[in-house]
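Visitor: next comes the sequence, and after it the predicted model I'd like to discuss.
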Amino acid sequence: MLVAGFTGWNDAGDAASTALRTMIEAWGADALAEIDPEVFTDFATVRPHVKLDEQHRRSIVWPTVGVWSVSLPGTDVLLVLGPEPALRWRAFSEQILGVCEKFNVAMAISLGALLADVPHSRPVPLIGTATDDLLIDRFELQRSHYEGPTGIVGVLHDTLHRAGVATASLWAAVPGYASQLPSPKAAMALVERACTMIGTPAPLAALASGAAEYDARVAALIGDDDDMVEYLSRLEEISDDGEADDDLPEAEPVDPDALMSEVEQFLREQD
């Protein structure tokens, strides 16, 4: 299996990248490959960093997309993490496909996060989509009917799907009013759902304390703003009404169709 996530516009609250980083570190994944960023990256947008060692010698750290591998009970997993490429998306996707073909990847999952009108004080809404009927039935996913602008995730899914690799996409909704704060809570939801699909225990311990702190930080952020407190109250009512009316499971208290509309609207607004 392959799990991929990219920093950038499809990583609201750093949720997708944090989820991937957590799995890489918690599972002790081994570095397998790096994709040379020179061909795919606009360095004026995603800049390299200067790093000093203990002797104050300078080196450049380039924004590369990395591939890690780990053997888990029941399956082997490849993990892909790095900045969303700005150039030559088809060629980039062919690079990932080459890795998938070399290691006989049968299924790929992408992780993403978007800003939406959801309350931080409720479970994180997730939406899962796929084009493969077997995946849709097995993991209770939805078939996406979206038409409009897409990013590297959409291009990568198309490349893998055409090559016969089953693909699924998981998106977490992050509160728009807390967009400036990283959301370990959303990362936890992505890790848990992805690991359910992989069939392995989710490494949630590293994110648990951060998720509790996140709720406290967001509450402090809006605590002195009466308008924001009223807005949050309305979001909570909508979320609770949706849970009661639709009898959705606790992890998905928001109407999936409504969240899908949020995803589609979010994509259409991108340049």
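Guide: Here it is on my side, so go on. What you see is a predicted model, and the numbers here were worked out from it, not measured in a lab.
Visitor: got a list of what residue 79 touches?
Guide: 2, 3, 4, 20, 23, 24, 29, 67, 68, 69, 70 (CB atoms under 8 Å, 6 or more residues apart in numbering). For the C-beta atoms, the positions are set from N, CA and C on the backbone; glycine is no exception.
Visitor: in helices, which of those residues appear?
Guide: 20, 23, 24 (DSSP state H).
Visitor: and of the residues you listed, the nearest to residue 119?
Guide: residue 20 (25.4 Å; CB to CB).
Visitor: burial of the closest one, as a residue count?
Guide: For residue 20, the number of neighbouring residues by other CB atoms under 10 Å comes to 28.
Visitor: settle this for me: it is touching residue 5, isn't it.
Guide: Yes: at 4.3 Å, residue 20 and residue 5 qualify as touching, with contact defined as CB atoms under 8 Å.
Visitor: out of the contacts of residue 79, what pair is the most spread apart?
Guide: Counting by CB to CB, the most remote pair of the contacts of residue 79 is 4 and 70, 14.2 Å apart.
Visitor: hey, where'd the helices end up in the stretch 151-271 of the chain?
Guide: Using DSSP state H, counting those that start in this stretch, the helices of the stretch 151-271 of the chain run over 152-162, 184-198, 205-222, 226-246, 256-268.
Visitor: stretch 195-202: which residues count as buried?
Guide: 195, 197, 198, 200, 202 (16 or more other CB atoms under 10 Å).
Visitor: distance of the fourth one from residue 194?
Guide: Applying CB to CB, to the nearest Å, one obtains 9 Å for the distance of residue 200 from residue 194.
Visitor: so residue 61 sits against residue 52, correct?
Guide: No: here residue 61 does not reach residue 52: they are 10.9 Å apart, not a contact under CB under 8 Å.
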